[in-house]
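Chemist: coords please:
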Amino acid sequence: MLSSYRVMSTKTRLITIVSAILIAVMLVIVGVTTKAQASQTNAQVVILNLLNGQQYFGVPHVYQGDNDGSPTNSWPVYLGPNNAGQYWSLAGISSNQPVLELVPAPKLFAGAMFWSEAYSGGPVKITIIGTFSNGPSPVADGYEIYLFLTPTTWGVSPKYNYSISYISTPAWEGLTYPSPVEGDVIYPQSSTSYLIIQWDPWWQTAATQSGATGQWNVWIVSNPSGNNPSISPNPSPNLGSGYAGWDGIGTGYFQSNPGDRINITVTYDPSTNTLSGVATDLNTGQSASFTLYLANYFTPPTSGNYVFGVGAATRSGWALLYVAMTTSIKPTPLTTSTTTPATVTVTTTTTVTSTVTSPVTTTVISTVTSPITTTVTSTTTSTVTTTSPVTVTTTVFTTSSIIQTMIIALIIIIVVLAAALVTVTIRRR
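Modeler: Residues are numbered from 1 along each chain as shown. Got it, this is the predicted structure:
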């Protein structure tokens, strides 16, 4: 009898140990799964992809052009394979590579593209690949990135195309002019303050000033009425009285050649309230960068819908080939569909030899309708290979669903353990 009891006691301990091991394994699996899911909450949305002959517009968007302080609908303008040659010929390049020309080369012109996106906290990164066709030497005025606009007198819809409420640099130059180097910049209306980050290659190559170390301008813009903007910090922390914002900051500088591909990435991290950016000439490898702590000048935005944008200012015929945005999203226990954009490869001939590696394909791309504005719709005479869009359905489980699964598994283990203990007790009797 004692031997039987010892056997039963040994079985009981064995069952208890095995159950404890199973519970520990379950907790480890849940922890790993939860961590993996947390790492998947960043989503990249491709706004525009014209690289290698593609003609993909990923989200609804609106344009605004400026001609020395007055609105114009002459640019931005999309130039497809059939008429892109008129853009490239200005640089002596023979190519039918499509471009979204933001602005022509003459002085005091500006252009911008805006889109809306949901924001739920976390870092925001905007990446662009652009080029230019002609203009003065050194190259002037570059690209702007717009973050966290909340317009109330306009929106991202067809009726607001080329009719955004804004004011541009020429209209208020001499009053509260932000930077000595910027060109013609569009400042849209917004009910709350927003950020403009500009890479201007005129800095350090054609213009230098005490306190200016790089090629970047950063402005915190307040323009609720649309025609009376103010820039902070004021005075400029690095240039002093007479200027506002951070002007000519960062390290490194470079000048590009017509047709060079220029990659610009700007990141805002709300956890540290820090902006950073890097501009790189993909043909030469030269770069210019900055990192800036915004301190109490700018309050990290709350979750909500915001308008973001990319613009360019004057003098070098700036154009876009690629725009993508990466931000945080809230996981949802839904089955979602991801549509891969059509891949179009166009055989082109150009007098400039360059190799461009297309950025990584987006993790999540919302399915959208056709672009709001298409300047030209035509069939190219080039040899074209297309891959039709493919919709991939994936199921995303949230942390709450994982916890529910864990609870069910633990209940099953407890039931099995209880049954085993009952069996042992009956056998003992």
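Chemist: how near is Gly252 to Ala295?
Modeler: Between Gly252 and Ala295 the distance is 24 Å, computed by Cβ to Cβ, to the nearest Å. Heads up, the C-betas are built off the backbone N, CA and C, glycines and all.
Chemist: of these two, which one has the most company?
Modeler: A side-by-side neighbour count of Gly252 and Ala295, using other Cβ atoms under 10 Å, places Gly252 first with 17 against 10.
Chemist: which residue, other than its chain neighbours, is closest to that one?
Modeler: Taking Cβ to Cβ, 6 or more residues apart in numbering, and ignoring the residues beside it in sequence, Gly252 has Ala288 as its nearest neighbour in space, at 4.2 Å.
Chemist: swap in Trp88?
Modeler: Ser95 is the one closest to Trp88 (Cβ to Cβ, 6+ apart), at 4.4 Å.
Chemist: what is the burial count for that neighbour?
Modeler: A count of neighbours around Ser95, defined by other Cβ under 10 Å, yields 21.
Chemist: in a helix, it, correct?
Modeler: No. With DSSP: H, G, I helix; E, B strand; the rest coil as the criterion, Ser95 is coil rather than part of a helix.
Chemist: wait, it touches Gln86, no?
Modeler: No. Contact criterion Cβ atoms under 8 Å: Ser95 and Gln86 do not qualify, at 10.8 Å.
Chemist: buried residues in the helix or strand where the residue nearest to Gly252 lies?
Modeler: For Ala288, the enclosing helix or strand under DSSP states H and E is strand 287-293. Of the residues in strand 287-293, Ser287, Ala288, Ser289, Phe290, Leu292 count as buried by neighbour count, 16 or more other Cβ atoms under 10 Å.
Chemist: again, but for stretch 242-251
Modeler: Neighbour counts using 16+ other Cβ under 10 Å place Tyr243, Ala244, Gly245, Trp246, Asp247, Gly248, Ile249, Gly250 of stretch 242-251 among the buried residues.
Chemist: could you find the closest non-adjacent residue to the fourth one?
Modeler: With sequence-adjacent residues excluded and distances taken as Cβ to Cβ, 6+ apart, Trp246 is closest to Val218, at 4.4 Å.
Chemist: where do the strands sit along the stretch 1-150 of the chain?
Modeler: With DSSP state E, counting those that start in this stretch as the criterion, the stretch 1-150 of the chain has strands at 42-49, 56-57, 62-67, 70-72, 77-79, 99-101, 109-119, 124-132, 143-149.
Chemist: okay if I get these as CSV plus distance to Phe308?
Modeler: What follows is the strands of the stretch 1-150 of the chain, written out as CSV (distance: least, Cβ to Cβ, whole Å):
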stretch, distance to Phe308
strand 42-49, 9
strand 56-57, 15
strand 62-67, 12
strand 70-72, 21
strand 77-79, 19
strand 99-101, 16
strand 109-119, 6
strand 124-132, 7
strand 143-149, 6
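Chemist: figure out which of the ones you listed is closest to Tyr268.
Modeler: Put simply, out of these the one that sits nearest Tyr268 is strand 124-132, at 4.9 Å, with distance taken as Cβ to Cβ.
Chemist: ok, the closest one: who's next to it in the sheet?
Modeler: strand 262-269 (antiparallel), strand 318-328 (antiparallel) (DSSP bridges).
Chemist: show me the shaky parts of the stretch 251-400 of the chain.
Modeler: 329-400 (pLDDT under 70).
Chemist: where does pLDDT dip in the stretch 101-250 of the chain?
Modeler: Across the stretch 101-250 of the chain, the stretches falling below the confidence threshold (pLDDT under 70) are 173-177.
Chemist: about what we covered before: helices or strands up against the strand holding Ala288?
Modeler: Using 3 or more Cβ pairs under 8 Å, 6 or more residues apart in numbering; DSSP states H and E, the elements in contact with strand 287-293 are strand 216-222, strand 246-249, strand 274-281.
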